[in-house]
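Participant: Take this sequence and fold it.
(one chain, ligands or ions: 1)
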Amino acid sequence: MIRTRFAPSPTGYLHIGGARTALYAWAYARRHGGAFILRIEDTDLARSTPAAVQAIIDGMRWLGLAHDEGPFYQTQRFPRYKEVVAQLLAAGQAYPCYTSADELEQLREAQRARGEKPRYDGRWRPEPGRTLPPAPPGVAPVIRFKNPQDGVVSWEDGVKGRITVANAELDDFVIARGDGTPTYNFCVVVDDWDMRISHVIRGDDHVNNTPRQINLFHALGAPLPNFAHLSMILGDDGQKLSKRHGAVSVLQYEEDGYLPEAVLNYLARLGWSHGDEEIFTMAQFCAWFDLDHVTASAAQFNTEKLNWLNAHYLKQADPARLAAEIERRLAGQGLDRGHDIDLARVATLYRERVGNLNELADAAHPFVRAPHPSAELLAQHLSPAVREALASLRGKFAGVAWEQPVLAAALKETLAAHGMKMPQLAIPLRVVLLGQPQSPAIDAVLEVLGRDRVCERIDAALGPATS
Ligand code: GLU
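Facilitator: Below you'll find the model as predicted:
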């Protein structure tokens, strides 16, 4: 049974790198008919916040990365961690260490002075035939794991290939602090064991933790999961991805008008490939995803490509869904319902012309609310000849059937009668109706706007003398 997990620390928003990790772990479970588990690693009480937990859950929901089990919270599992610490102590695989912070600092100074890597020297490590000093009174000890001192830790990483680390490189790390709270490396192992995780798929910032964790798995007699460490994501400029590069929070992409399927498709390809496939559904991704085709080198974020995918998915999206997105955005600008514009038709008119949902909502704005073009703009576009033509068009609009071909015919007749070419009338008409000189086909715009709105707006532009 394949069981994967996403195990974020709720110290901030769900960023784009975390989302990709979640996506790959999710897809791996889906591919193999397994389970995907969400685990909130909130033991860092000082830095974890409920708002960050919510942001992670909201981000995953927006992307549609549903978990099968959880969310499990590490803060709710303290009794279990205590139990396992006790078990390791009883088995002689962990021990109390009374070294004070000052002593540790002195130790590190001395090691640095000798040009050595700072590490705990095992001064409280019990060994056969070794007598330890008496425990200093009134000191709450930390608990350290008795890491093997010889040999190597070696694993076949699902992305990076074989990784081997000498145990001599690892010191006896702390598994529980003086106040009894367990540490990150310890909780992860207990959780991955208890939750029967088969594949640990995570960011490669954890490669250094893996040998310690593997030793702990062995000490607990727990089966070892497979490990796969994903390379980091760099910004457009090749630097570590950060806020400098624009949106890094998944929900910011929602705010910025991206469709979740575009972000998912983009992230899927960011560090993984399936031949030349660039555009695919999540069903296809789940059918294809494997660790063999995850790239070991760092992936570089490419905003242009994401935008290209977003434009692609906008063109394909169901107009009713786009209408709902427009509605939500217009409501956010204080434009509530109370209009009878068919926003799905507006979406169909504009979805090929915009790059994101915010631009789509901006395009819909003048349909819902009259644009009030400035006197200057009107003066620029409404010459006396144009005003005359508009007035006669307005007269025709009062009586014709409100259908695109009929409206197109009325326009053509007016053009012929006034000796004008299409742009000479269509551009001023766009300014009058939408407040801007560009739009999709004018007859289509007219139809969607409706007779009343069109006539009102022309009247307003021509002024009382001609209306
Ligand atoms: N909580 C860790 C993090 O957010 C991930 C731990 C793991 O995946 O093993 O970086």
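Participant: Can you give me the neighbour number for residue 225?
Facilitator: Other residues near residue 225 number 23, with proximity taken as other C-beta atoms under 10 Å. C-betas here are computed from N, CA, C, even on glycine.
Participant: Kindly state the pLDDT recorded for it?
Facilitator: We have a pLDDT of 98 for residue 225.
Participant: Can you tell me how far it is from residue 5?
Facilitator: 10 Å (C-beta to C-beta, to the nearest Å).
Participant: for residue 362, same thing?
Facilitator: 40 Å.
Participant: Please apply the same query to residue 260.
Facilitator: 21 Å.
Participant: I'd guessed residue 69 sits against residue 35; true?
Facilitator: Yes - at 5.9 Å, residue 69 counts as touching residue 35 under the criterion of C-beta atoms under 8 Å.
Participant: who has more neighbours, these two?
Facilitator: Set residue 69 next to residue 35 and count neighbours by other C-beta under 10 Å: residue 35 wins out with 20 against 13.
Participant: ok, the more buried one - contacts?
Facilitator: By C-beta atoms under 8 Å, 6 or more residues apart in numbering, the residues touching residue 35 are 1-4, 29, 68-69.
Participant: and if we set it to 7 Å?
Facilitator: Applying C-beta atoms under 7 Å, 6 or more residues apart in numbering to residue 35 gives the contacts 3, 29, 68-69.
Participant: Ok, residue 345 next?
Facilitator: Contacts of residue 345 (C-beta under 7 Å, 6+ apart): residue 448.
Participant: wait, is it part of a helix?
Facilitator: Yes - counting by DSSP: H, G, I helix; E, B strand; the rest coil, residue 345 is located in a helix.
Participant: and stretch 369-382, which residues are buried?
Facilitator: Residues of stretch 369-382 classed as buried: 371, 373, 377-378, 381-382 (neighbour count, 16 or more other C-beta atoms under 10 Å).
Participant: who does whichever residue of the stretch 201-350 of the chain sits closest to the ligand bridge with?
Facilitator: Residue nearest to the ligand within the stretch 201-350 of the chain: residue 202 (3.5 Å; C-beta to the nearest ligand atom). Judged by DSSP bridges, the bridge partners of residue 202 are residue 229.
Participant: Quick check, it in contact with residue 21.
Facilitator: Yes - if you go by C-beta atoms under 7 Å, residue 202 and residue 21 touch, sitting 5.9 Å apart.
Participant: okay, those two: which has more neighbours?
Facilitator: Legend: neighbour count by other C-beta under 10 Å for residue 202 and residue 21, higher for residue 202 (25 against 21).
Participant: Relative to residue 261, how far out is the more buried one?
Facilitator: 24 Å.
Participant: Pull up the residues of the stretch 201-350 of the chain that are close to the ligand.
Facilitator: 202, 206 (C-beta under 6 Å from any ligand atom).
Participant: need the residues of the stretch 51-200 of the chain near the ligand, please.
Facilitator: Counting by C-beta under 6 Å from any ligand atom, the residues of the stretch 51-200 of the chain near the ligand are residue 188.
Participant: Show me where the protein dips below the pLDDT cut-off.
Facilitator: Low-confidence segments of the chain (pLDDT under 70): 337-338, 465-467.
Participant: who's sitting farthest from the centroid in it?
Facilitator: residue 417 (56.6 Å; C-alpha atoms, centre = their mean).
Participant: Enumerate every residue touching that residue.
Facilitator: Residue 417 makes contact with residue 392 under the criterion C-beta under 7 Å, 6+ apart.
Participant: Helices along the stretch 151-300 of the chain, start to end?
Facilitator: 184-194, 210-220, 250-255, 260-269, 282-288 (DSSP state H, counting those that start in this stretch).
Participant: would you turn these into TSV with mean neighbour count?
Facilitator: Converted to TSV, the helices of the stretch 151-300 of the chain look like this (neighbours: other C-beta atoms under 10 Å):
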stretch	mean neighbour count
helix 184-194	21
helix 210-220	20
helix 250-255	19
helix 260-269	22
helix 282-288	16
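Participant: Ok, which of the ones you listed comes nearest residue 341?
Facilitator: Counting by C-beta to C-beta, residue 341 lies closest to helix 250-255 out of these; the figure is 23.8 Å.
Participant: And for residue 422, the neighbour number?
Facilitator: For residue 422, the neighbour count with other C-beta under 10 Å is 11.
Participant: tell me the secondary structure for the nearest residue to it once chain neighbours are set aside?
Facilitator: Counting by C-beta to C-beta, 6 or more residues apart in numbering, residue 415 is the residue found nearest to residue 422 once chain neighbours are left out, at 6.4 Å. Using three-state DSSP, the structure places residue 415 in helix.
Participant: And residue 415, how far from residue 396?
Facilitator: 12 Å.
Participant: Equivalent analysis for residue 444, please.
Facilitator: Residue 444 is 18 Å from residue 396, by C-beta to C-beta.
Participant: where exactly do the strands run in the stretch 1-150 of the chain?
Facilitator: Under the criterion DSSP state E, counting those that start in this stretch, strands of the stretch 1-150 of the chain are mapped to 3-6, 35-40, 69-73, 94-97, 142-145.
Participant: Okay then, goodbye and thanks.
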